[in-house]
Structure formats: C-alpha cells, structure tokens
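Participant: Provide a 3D model corresponding to the input given below.
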Amino acid sequence: MELDIQEFITLDYLDIIKLLLAILVGGVIGTERKYRDKAAGLRAMIFICVGATLFTIYSIKMGGTSVDRTRIAANIVSGVGFLGAGAIIRDAGRVKGMTTAATVWIVAALGMGIGAGYFMFSVVTILIMLVVLVILHPVESLVGHNRQRYYYRVICSIDMDKLKTLETMFDESGLQIKSHKRMKREGKLYITWDAVGPPAIHQRVSQILLDDNDVEEVRF
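Facilitator: Predicted coordinates:
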C-alpha cells in the first residue's frame, strides 16, 4: 500500500482549533484552581482537557464508521477517575479535595465534548462552572464559617462523675455530635468528640475544657 505523502502532511485545521479551544478551557479552569492553591492547577487542567480532546479525536478517526468508534473515548471516564482520586485527601478526619476532583472529572468531559465538536455546549458548560467556582465560593465560605467541625480529645483520670459532667456539657452545648468514643488506657480515660457547630460555641466549649483542672490534656 502506497503512502499518500500529501495526505500525511495535510493538517486537519478543525482538529487544531479543537486543541486550541481545549487549551483555553483547561487554562481558564486551571487558573481558578491555581489561584486558590489547589492540587490540580493550571498545567494539570490544560493537560487533562487536551488529553481528553486528543483521545476523542483519535477515537473518532480510528473508529471510522464502526459502531465502536467511541470505545477509546469511553475509557476516559474511568481513566480520569484515578486523577481525581489523587486530589482527594483525608486530613484529621476531614475529606478535602472533593471540589478539585469533581473539577478534573468535568474538565475531562469538556475535553471530550470539544473533541467531538460540541463547541457551543462546551462553552456554555464552562460558563456555568465559572459561576459555581467563583460566584458561589463566598456563599460556601459564609456557610462554612458558621458551621465548623472540631475533633476534641480529652485525657483525664478515670472518674465516672467527671465523665458524666463532660458528656452532659457536650450534650447541652448546642453542638451536633457526630461521634463520641471513650477508652481506658494506662490508668487514664481518653474521650473524643466529633462535633459540628458555630465557632462561638466551639470557643466556649474549648475554654471550659482548658479551665477544667481535672482535665490533664485537651486537643481540638
């Protein structure tokens, strides 16, 4: 089979436009993530969007008229899951990076849309994403400021009366107790509370624990 040199060197300018648009889309989202100092920043988002676009273009070209022409592109959905998982961490019982992981997932979807030629739909989607990431961020911060999660760890001598006093204090504090554990070890009583509530209540509870002479150690 002879190789058509002319066909080989001829560029598909529509595909070039797709790649440039993918760089723009990934760059816009990546700039916002980098500004907030998130795990997946500018270059990562560009690579994810461009990669998804390339896989989709290759899938369409190599598949031709076959019913399996989207098989390669379909695997982007599962493959990008590993990238998203890398952005999620657990710190002191708190799960962080969920927004960045979801953003990675959507940027890959945008890349697939661009590669398939759905330009207008991709543009509308990125505008919606910017609204969610930028405009709704202050709202989320306000809600989060009024509802904080603390992990209290108290060490004291084994005294059932003191234990009951502490548990009553937490129950009546106005905090929402997610979990509560007690453990005896080496002659000491270790008590933990996972509590959610306004900062003012947390401050009051923390001060009570710090002022309690029977509490040998407190962490929060």
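
Participant: tell me the SS of Cys156?
Facilitator: Using DSSP: H, G, I helix; E, B strand; the rest coil, the structure places Cys156 in strand.

Participant: surely it meets Asp214?
Facilitator: Yes: under the contact definition of C-beta atoms under 8 Å, Cys156 touches Asp214, with a separation of 5.6 Å. The C-beta positions use only the backbone N, C-alpha and C, and glycine is treated the same way.

Participant: which neighbours do those two have in common?
Facilitator: Overlap between the contact sets of Cys156 and Asp214, as judged by C-beta atoms under 8 Å, 6 or more residues apart in numbering, is given by Lys162.

Participant: so for those two, which residue has more residues nearby?
Facilitator: Neighbour count, other C-beta atoms under 10 Å: between Cys156 and Asp214, Cys156 has more, with 20 against 12.

Participant: tell me the contacts of the more buried one?
Facilitator: For Cys156, the residues meeting the contact criterion (C-beta under 8 Å, 6+ apart) are 162-163, 166, 188-189, 191, 214-216.

Participant: the helix-or-strand element of the chain with minimal mean pLDDT: what's the following helix or strand?
Facilitator: Taking mean pLDDT, DSSP states H and E as the measure, the chain has helix 5-9 as its least confident helix or strand, at a mean of 47. Following helix 5-9 in sequence order, the next helix or strand is helix 13-35 (DSSP states H and E).

Participant: the helix or strand that contains Gly51 - contacts with which helices or strands?
Facilitator: Secondary structure from DSSP H and E places Gly51 in helix 42-63. For helix 42-63, the contact count by 3 or more C-beta pairs under 8 Å, 6 or more residues apart in numbering; DSSP states H and E identifies helix 13-35, helix 71-86, helix 98-116 as packing neighbours.

Participant: nearest to Ile48, of the ones you listed?
Facilitator: helix 98-116 (5.1 Å; C-beta to C-beta).

Participant: okay, the angle between the helix or strand just after that closest one and helix 98-116?
Facilitator: Past helix 98-116, further along toward the C-terminus, the next helix or strand under DSSP H and E is helix 119-130. For helix 119-130 against helix 98-116, the angle by axes from the mean of the first three to the mean of the last three C-alpha atoms, to 10 degrees is 170 degrees.
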